[in-house]
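**Q** Got a predicted model here, sequence first, then my questions.
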Amino acid sequence: MHFGLFLDFLKERLSQQKELRVEPKEIDIVRAYMFGHVPRNVSDRDKLDAAAIETFYEIVEREFGYDVELVDIDYGGRRLRAIDRFAENPDDEWTPREKRVDVALASSMLFYAAIPYAYDIAIPVIGDEDFVPVLQKVRSLGRRVAIASIKTRRNSPCSHVYSAEYDEEGIRDFDVIWLNELASKVQVPQRIIQCQDPNHVGRPQSVTTALQVPGRPDVCDDCRDRSRVERRKTMAGLTEKMQEIESRGWPSHCGLACGVVAAKKIDKNNKPYAFVKAKVNERPYDFYMNQYDLEPGLSWDSIAELDILVFHPEIKPPDSVHARKVRRPVDADWDNKKGSTAGSPG
Ligand SMILES: [Zn+2]
């Protein structure tokens, strides 16, 4: 998104409001704030992405003149994305506490409302009914409020509060400015890149709207969208497969583990590898494996994400977990329930 054009869009929409009816140029944006959080102490694997988030806010501040207020959130060594945190440990319910970001926004809006002539109209870009009390207070201090929000397809309760015909809560002075149509209006700065996604289709020269991040492969928009959809599918499938294994009562007899292929990848040297998600002694792990870990007769190409595999888990603290002697499960594996505890491990 181009944040310079974003402000022009808000100006234009505000100027069209029947309560105002002015030329866009008569509206003066005195300050633009952006509130967000910067992930700290993320897993080493996500350090580059965390740096990219910081770079993004730097650009918004430097290039577009926003006042950027950031809250640090300690990830405690976790992965950055929810899907990766889930893959690493489905039982970990930790989520970044973004409430502090909301409070920072509310505080600034109220703070400047209390300063005479700091602003006339606040345009909070929000989608959350938690802001109702602060909007009421801002208005009681004599400032006007024009809410900008995104209309969701489902009738979500939050946008309902903002979009209701009659403003029961007393939180706005204008019709809500819907940002949905912005997407089609705004020209996102595009870059021509050589797409580095191994699954890219067609000529590698393609277009991206993503920020360039040193050290991270450039991927075209199509590939980015596709992998987003696939990640979501994989996440849903993973849950299902893990439940299937649990429900079939997989025994950890003979020191074997049973898991689901969570991701199949290719490293910098073009060597394929994969992660198999499995629980050993009730603890979830992502077991690394490559083609040399497969039992004879099993080919790497035949293995797909979400396949259920059986293997010998090799766990070497602190962080080496490797799947050895990988094969597909056979009926006997499932039939061999916990009754076989007499069998010695290994
Ligand atoms: Zn691509």
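**A** Great, that's in hand.

**Q** Flag every buried residue along the strand or helix carrying residue 274.
**A** Residue 274 is part of strand 272-280 when elements are defined by DSSP states H and E. Across strand 272-280, burial judged by 16 or more other C-beta atoms under 10 Å covers 274-280. For glycine as for every other residue, the C-beta is placed from the backbone atoms N, C-alpha and C.

**Q** Can you lay out these as JSON lines showing distance to residue 194 and pLDDT?
**A** Output for the buried residues of strand 272-280, formatted as JSON lines (distance: C-beta to C-beta, whole Å; pLDDT from 0 to 100):
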{"residue": "274", "distance to residue 194": "26", "pLDDT": "94"}
{"residue": "275", "distance to residue 194": "27", "pLDDT": "92"}
{"residue": "276", "distance to residue 194": "32", "pLDDT": "93"}
{"residue": "277", "distance to residue 194": "32", "pLDDT": "90"}
{"residue": "278", "distance to residue 194": "37", "pLDDT": "89"}
{"residue": "279", "distance to residue 194": "41", "pLDDT": "86"}
{"residue": "280", "distance to residue 194": "41", "pLDDT": "85"}
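
**Q** The ion: which of those residues is nearest?
**A** Nearest to the ion among the buried residues of strand 272-280 is residue 274, at 21.4 Å by C-beta to the ion.

**Q** about what we covered before: which neighbouring elements make contact with the strand holding residue 274?
**A** Secondary-structure packing of strand 272-280 (3 or more C-beta pairs under 8 Å, 6 or more residues apart in numbering; DSSP states H and E): helix 221-247, strand 257-266, strand 283-290, strand 308-316, strand 320-327.

**Q** Going by mean pLDDT, which of those comes out lowest?
**A** The weakest mean pLDDT among the helices and strands packed on strand 272-280 belongs to helix 221-247, with a mean of 86.

**Q** Now look at that one and say if it contacts the ion.
**A** Yes. Using C-beta under 5 Å from the ion, we find that helix 221-247 touches the ion at residue 223.

**Q** tell me what that helix is packed against?
**A** For helix 221-247, the elements it packs on are helix 82-88, strand 205-208, strand 257-266, strand 272-280, strand 308-316, judged by 3+ C-beta pairs under 8 Å, 6+ apart.

**Q** Save these as CSV, and put in distance to the ion too.
**A** What follows is the helices and strands packed on helix 221-247, written out as CSV (distance: least, C-beta to the ion, whole Å):
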stretch, distance to the ion
helix 82-88, 20
strand 205-208, 5
strand 257-266, 14
strand 272-280, 19
strand 308-316, 29
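
**Q** so which of the ones you listed gets nearest residue 29?
**A** strand 205-208 (29.2 Å; C-beta to C-beta).

**Q** who does that closest one touch, helix- and strand-wise?
**A** Secondary-structure packing of strand 205-208 (3+ C-beta pairs under 8 Å, 6+ apart): strand 191-194, helix 221-247.

**Q** Now it: buried residues?
**A** Buried residues in strand 205-208, defined by neighbour count with 16+ other C-beta under 10 Å: 206, 208.

**Q** That one - which strands sit beside it in the sheet, and in what orientation?
**A** strand 191-194 (antiparallel) (DSSP bridges).

**Q** pull the CA atoms of the partner strand into CSV?
**A** The C-alpha trace of strand 191-194 is given here as CSV (Å, rounded to 0.1, in the frame of the first residue of the first chain):
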residue,chain,number,x,y,z
ARG,A,191,9.1,-4.0,-8.8
ILE,A,192,10.2,-6.3,-11.7
ILE,A,193,12.0,-9.2,-10.2
GLN,A,194,13.3,-12.7,-11.1
